[in-house]
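Novice: generate coordinates for the sequence data below:
(chains A, B, C and D)
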Protein chains: 2
Amino acid sequence: MGNQKLYKGSLQTIILKLLAQNDKMYGYEITQKVKELTKGELKITEGALYPALHKLEAEGMLDVEVAKVGNRLRKYYKLTEHGTKETVNKLAEMQEFLKTMQQLVNPKFSLE
Amino acid sequence: MGNQKLYKGSLQTIILKLLAQNDKMYGYEITQKVKELTKGELKITEGALYPALHKLEAEGMLDVEVAKVGNRLRKYYKLTEHGTKETVNKLAEMQEFLKTMQQLVNPKFSLE
DNA sequence: TTTTATACATAAGAAAATTATGTATATATT
DNA sequence: AATATATACATAATTTTCTTATGTATAAAA
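Specialist: From the prediction side, this is the model:
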């Protein structure tokens, strides 16, 4: 996990993708889900997550719904219509980025 | 090219990889090579490149050799022994990052 | 002759994270 | 019963890494 800094710039896309496949999620749940899906490779910190969620909400990509579970509160986030459209774009951009980087760092490329 | 910010954090690795396969290169050459290899997808700006080269040099990853071509100067950079070792690590980290991100954003993943 | 390309560099500012800190409840461990 | 860990939110200070703007200078092309 010395590659945490490579994830810089991809947090928004990760959040949007998770919400696209899970309908609604709350912050803490997102951190746990990412840890699980990446087998501990990526640990989203609260200092990164919450500001990112607030920003996505401010941009109209997410709607919030506060729920009380026991005596503790949760903020459930879900994609707005706009957010759903943007998710498609962000995922396409991510795929292109991954493809380009793969070509750049692929050992085979040195044989050209 | 709305995905320039996804490249944040990967510049060092890109530079090292290019130097691993080209022995020695100068700054401007690197910007052109990246533009060519990525078909214009990624344009490295001077404001990002030169500080990055200076940092790699300060860290003992690169050696510099100044050359005069015509009346203009070039600074050729090449990997040090330490830089060569670090390149291997950085490339491994990059591969792991790409693999993880691929899994995270892969549409198929939503079928689990 | 004026624009574009080559070739370096740095400074100001923005974006996105890390690290540290804070509050509070719930559960597990000793 | 006491303490540590997990759950759940949040923000502030700082750092990293970039973009944008600016500067200098030579060479080639329009």
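
Novice: list the contacts of the lengthiest helix in chain A.
Specialist: If you go by DSSP state H, chain A has its longest helix at helix A:81-105. With contact meaning CB atoms under 8 Å, 6 or more residues apart in numbering or on different chains, helix A:81-105 is reached by A:10, A:12-13, A:16-17, A:19-20, A:56, A:60-62, A:79, A:109, B:2-3, B:6-7, B:10, B:13-14, B:17, B:34, B:37-38, B:41-42, B:91, B:94-95, B:98, B:101-102, B:105. For every residue, glycine as well, the C-beta is placed using N, CA and C.

Novice: quick check: buried residues in it?
Specialist: A:83, A:86-87, A:90-91, A:93-98, A:100-101, A:104-105 (16 or more other CB atoms under 10 Å in any protein chain shown).

Novice: and stretch A:92-101, anywhere near DNA strand C?
Specialist: No. Figure legend: stretch A:92-101 not in contact with DNA strand C (CB under 7 Å from any atom of the strand); closest approach 12.1 Å.

Novice: is that stretch anywhere near DNA strand D?
Specialist: No. Using CB under 7 Å from any atom of the strand, stretch A:92-101 stays clear of DNA strand D, coming no nearer than 12.0 Å.

Novice: residue contacts, residue A:77?
Specialist: Counting by CB under 8 Å, 6+ apart, residue A:77 touches A:19, A:24-27, A:53, A:56-57, A:62-64.

Novice: the same query, at a cut-off of 10 Å, please.
Specialist: A:15, A:18-19, A:24-27, A:29-30, A:53, A:56-57, A:61-65, A:83 (CB atoms under 10 Å, 6 or more residues apart in numbering or on different chains).

Novice: then it would be within a strand, right?
Specialist: Yes. Counting by DSSP: H, G, I helix; E, B strand; the rest coil, residue A:77 is part of a strand.

Novice: distance check, it against residue B:87.
Specialist: Counting by CB to CB, to the nearest Å, the gap from residue A:77 to residue B:87 is 40 Å.

Novice: ok, residue A:105 to residue A:47 distance?
Specialist: In this view, residue A:105 and residue A:47 are 29 Å apart by CB to CB.

Novice: grab the nearest non-local neighbour of residue A:79.
Specialist: Once flanking residues are discounted, residue A:79 sits nearest to residue A:19: 5.0 Å by CB to CB, 6 or more residues apart in numbering or on different chains.

Novice: what parts of chain A come near DNA strand D?
Specialist: Residues of chain A lying close to DNA strand D by CB under 7 Å from any atom of the strand are A:5, A:8, A:26-29, A:32, A:46-47, A:50-51, A:53-54, A:69, A:72-75.

Novice: point out the ones among those that are inside strands.
Specialist: Those of the residues of chain A next to DNA strand D mapping onto strands are A:26, A:69, A:72-75, per DSSP state E.

Novice: from those, which is closest to chain B?
Specialist: Distance to chain B across those (CB to the nearest CB) is lowest for residue A:26, with 18.9 Å.

Novice: check contacts around that closest one.
Specialist: Per CB under 10 Å, 6+ apart, neighbours of residue A:26: A:53, A:64-67, A:69, A:73-77.

Novice: partner residues bridging it?
Specialist: residue A:76 (DSSP bridges).

Novice: so what's it scoring on pLDDT?
Specialist: With respect to pLDDT, residue A:26 scores 98.

Novice: next: residue A:107.
Specialist: Residue A:107 is given a pLDDT of 64.

Novice: go on, residue A:89?
Specialist: Here, the pLDDT recorded for residue A:89 equals 96.
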